[in-house]
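>>> predicted model and sequence below, questions to follow.
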Amino acid sequence: MKTSERDDPLLVSLDNAGMWRSGRWLVRGVSFTVRRGEIVTLIGPNGAGKSTSAKMAIGVSKPDEGNVRRAPELKTAYVPQKINIDHALPLTVKRLMTLTGPLSRRDIDEALDSVGIAHLAGAEVQNLSGGEFQRALLARAVARKPDLLVLDEPVQGVDYSGEIALYELISEIRRRQGCGVLLISHDLHVVMAATDTVVCLNGHVCCTGTPEAVSSSEAYQTLFGARAMGALALYRHEHDHTHLPDGRVTSVDRAGHAHGRTSVNPHSASENADAKKKDEQDAG
Ligand SMILES: Nc1ncnc2c1ncn2[C@@H]1O[C@H](COP(=O)(O)OP(=O)(O)OP(=O)(O)O)[C@@H](O)[C@H]1O
């Protein structure tokens, strides 16, 4: 369902949010919303401000301009990009679950079961595979039954088939718990198909849109397998603006005339290698 058609309760909304640190704008003009039951994916090159925007969304960081509004008593769970674990100390999966706060045995068992690793409760965290580790982190987050689940690069260190399985799991968690999901993706072009809204960041919101499943692409079916077509979607976006040194952007209309304003443009998803090349140039 498109975001505009939704009337589910609003969990968080960013309105022109910006953060100033170390003498520069890390991000500026960031606006998006996440509603209950909605999956919003932030994409963008390294350093684009994805984590910064997610941190403003959950209230870990305060915006220096603009507004961030959260639903009253919003319960968020955040799975960060990096977790420092001292591998010199033995740590079981079960213990990892309660490192940041107590949980009942039942909640632990249910959460591990829901992500398919109940059998690894007593396993040492340092021996887990990439996919198992990400599942353990997910279990720790969902055990607290959040309204908003924020996942920073949840498929890192996971191969494509593991990535597809994790995306299916995230969709299932959203369906079962009815929470909103804010996902940060490491990939500029492939997002989980269940994503309702993609927000492309590059210091500001470059564009937003709804991804469409690419079922006709033979190349992608070969690359990811038929099952992937249900879980992944390509996201094509065109950048039609120039970045200004103060963090603002100048948009350019079809006739090539420049306008000094922040641009937010909706685009649809489809396969396009040229767009990929252009994004990588923009990212540089
Ligand atoms: N507290 C801070 N002080 C100064 N600069 C910061 C701070 N936090 C982040 N940055 C910088 O802000 C920019 C955006 O960082 P952020 O982590 O949000 O990017 P990202 O899009 O999540 O990147 P990646 O894909 O590499 O994880 C980076 O250039 C980063 O170095």
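Looks like it came in fine.
>>> how much space separates residue 72 from the ligand?
27 Å (CB to the nearest ligand atom, to the nearest Å). Where you see a C-beta, it was placed from the backbone N, CA and C, and this is true even at glycine.
>>> how about that residue, secondary structure?
coil (DSSP: H, G, I helix; E, B strand; the rest coil).
>>> based on its surroundings, how many neighbours for it?
5 (other CB atoms under 10 Å).
>>> can you give me the strands in the stretch 51-200 of the chain?
65-70, 76-79, 148-152, 180-184, 190-192, 197-201 (DSSP state E, counting those that start in this stretch).
>>> turn those strands into TSV, columns for mean pLDDT.
Supplementary listing: these in TSV, determined by pLDDT from 0 to 100:
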stretch	mean pLDDT
strand 65-70	97
strand 76-79	91
strand 148-152	94
strand 180-184	95
strand 190-192	74
strand 197-201	84
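>>> format those strands as a markdown table; extra columns: distance to the ligand.
Listed next are these as a markdown table, based on distance: least, CB to the nearest ligand atom, whole Å:
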| stretch | distance to the ligand |
| --- | --- |
| strand 65-70 | 15 |
| strand 76-79 | 13 |
| strand 148-152 | 7 |
| strand 180-184 | 6 |
| strand 190-192 | 14 |
| strand 197-201 | 7 |
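>>> from residue 21, how far out is the residue nearest the centre of the chain?
The centroid of the chain falls nearest to residue 183 when counting by CA atoms, centre = their mean (1.7 Å). Distance, residue 183 to residue 21, using CB to CB, to the nearest Å: 24 Å.
>>> with residue 185 instead?
Residue 185 is 23 Å from residue 21, by CB to CB.
>>> which one's more surrounded, the two?
Neighbours per residue (other CB under 10 Å) separate residue 185 from residue 21, with residue 185 holding more: 23 against 11.
>>> what's the pLDDT at that one?
On pLDDT, residue 185 comes in at 87.
>>> list the contacts for it?
41-43, 153, 155, 191-192 (CB atoms under 8 Å, 6 or more residues apart in numbering).
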